[in-house]
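>>> model this:
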Amino acid sequence: MDVVNFASTIFAFIYFGLIVLLIVSFTLFIRRILINSSKKNQHLEEIEKSLKKLQNYLKRIKMPISISTIVPFRQMIDILALVVIPLVFVIEKSVKNSLSTDFSMSLLN
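Just a heads-up that it's a prediction; the model follows:
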């Protein structure tokens, strides 16, 4: 009977320790997420300040910049990616087919 009480006490301490460990690790995880998000926000604010300075400088030298000049280029890249990549696969497949038919024809001759 004494051994059973001792074992149950040990298991109770283990469960309690695991619960405490879970709470501490969860708290530290949330803290790390909050710290990383605040660092990212600070970094984004610094980037925004730099972009505003650059935009002001470009306005002073009469060289306006806007997103509209960048967006068509991005769309062009997207379209090229949608067209060129499948085209490469089609060409590769046709070359493989022609090579295999040429090889089979050379075997027949």
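>>> tell me how many other residues surround Q55.
13 (other C-beta atoms under 10 Å). Placement of C-beta: from N, CA and C, glycine included.
>>> any stretches of this protein with poor pLDDT?
Applying pLDDT under 70 to the chain picks out residues 1-2, 63-90, 92-109.
>>> now do 80
Under the criterion pLDDT under 80, the flagged ranges of the chain are 1-4, 54-55, 57-109.
>>> domains of it?
For the chain, the structural domains run 1-64, 66-109, going by automatic domain parsing.
>>> break down the chain into its helices, ranges please.
2-60, 67-108 (DSSP state H).
>>> how close does L34 sit to R60?
According to C-beta to C-beta, to the nearest Å, L34 stands 39 Å off from R60.
>>> same thing with S37?
Distance from S37 to R60, counting by C-beta to C-beta: 35 Å.
>>> check F29 too.
In terms of C-beta to C-beta, F29 sits 47 Å off from R60.
>>> now L18
Distance from L18 to R60, counting by C-beta to C-beta: 63 Å.
>>> go on, F13?
As judged by C-beta to C-beta, F13 and R60 stand 70 Å apart.
>>> over to V24?
For V24, the distance to R60 - C-beta to C-beta - is 54 Å.
>>> and E48, by the same measure?
The value you get for E48 to R60, if C-beta to C-beta is used, is 19 Å.
>>> same thing with F16?
Counting by C-beta to C-beta, the gap from F16 to R60 is 66 Å.
>>> state the distance from H43 to A12.
Distance of H43 to A12, computed by C-beta to C-beta: 47 Å.
>>> check Q55 too.
According to C-beta to C-beta, Q55 and A12 sit 64 Å apart.
>>> swap in L21?
On the measure of C-beta to C-beta, L21 and A12 end up 15 Å apart.
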